[in-house]
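Engineer: quick one, structure for this:
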Amino acid sequence: MHSGPEPFDSDDAQALCAAQQAEMLELYEGEADIGPKRDAWMFVPPDGVFIVVRDGERPVACGGLARFDASRAEVKRMYVVPEARGRGLGRRVLAELEERARAFGYTGLVLETGDKSAAALAIYTSSGFERVRCWPPYDSRELSMCFEKTL
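Structural biologist: Residues are numbered from 1 along each chain as shown. Sure, this is the predicted structure:
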């Protein structure tokens with residue numbers, strides 16, 4: 001397994017993000033992502049980055065950072081393909097994102113996830129993220145759970 005930054009608009013990154021969004025639509029019974037539109041420029045250093053983990057040549061996991069405000073980045077599009085789950089890849093991506101966030105000068109991370117995403121909730125809480133009040137537009141949706149971590 002190897003990981004590293006890749007353009008958010010690459011075919012493999014977009015395929016992983018499409019799979020993540022399809023899975024979320026099914027899990028949340030058609031409720032779509034209501035966050036801001038994500039564009040490739042948002043995931044370009046020093047404001048952000050998009051990480052892809054590969055098993056050989058096959059992309060199996062991803063996650064990104066995008067600037068949230070002057071001192072924090074937002075974790076976006078964390079995903080591991082179903083057949084690669086249980087191997088610590090989500091934690092690996094999150095650790096790499098945290099490392100890069102520190103290198104970019106961020107002092108904190110924020111994220112939003114849904115209340116039915118048990119594996120995500122477990123990784124985030126066990127990695128030191130604490131639940132906080134959601135910000136717009138997530139504050140208008142009951143299923144949203146927002147978290148923050150000081151780096």
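
Engineer: all strands of this structure, in order?
Structural biologist: For the chain, the strands identified by DSSP state E occupy 2-5, 49-55, 58-67, 72-80, 108-114, 130-132, 144-150, in order along the chain.

Engineer: low pLDDT regions in this protein?
Structural biologist: In the prediction, the chain carries residues with pLDDT under 70 at positions 32, 34-36.

Engineer: the strands of the chain: which one's closest to E23?
Structural biologist: Judged by C-beta to C-beta, the one of the strands of the chain that comes nearest to E23 is strand 72-80, at 7.8 Å. Heads up, the C-betas are built off the backbone N, CA and C, glycines and all.

Engineer: output that closest one as CSV, nothing but the C-alphas.
Structural biologist: Coordinates of the C-alpha atoms in strand 72-80 are reproduced here as CSV (Å, rounded to 0.1, in the frame of the first residue of the first chain):
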residue,chain,number,x,y,z
ARG,A,72,-8.5,25.5,10.5
ALA,A,73,-9.0,23.0,7.7
GLU,A,74,-12.0,20.9,7.0
VAL,A,75,-11.7,17.1,6.5
LYS,A,76,-13.7,16.1,3.4
ARG,A,77,-14.5,13.0,1.4
MET,A,78,-13.0,10.4,3.7
TYR,A,79,-13.7,7.0,2.1
VAL,A,80,-12.5,3.4,2.0
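
Engineer: show me what it is packed against.
Structural biologist: Where contact means 3 or more C-beta pairs under 8 Å, 6 or more residues apart in numbering; DSSP states H and E, strand 72-80 is packed against helix 11-27, strand 58-67, helix 89-104, strand 108-114.

Engineer: list just the one of the ones you listed that sits closest to P5.
Structural biologist: Nearest of those to P5, taken as C-beta to C-beta: helix 89-104 at 8.0 Å.
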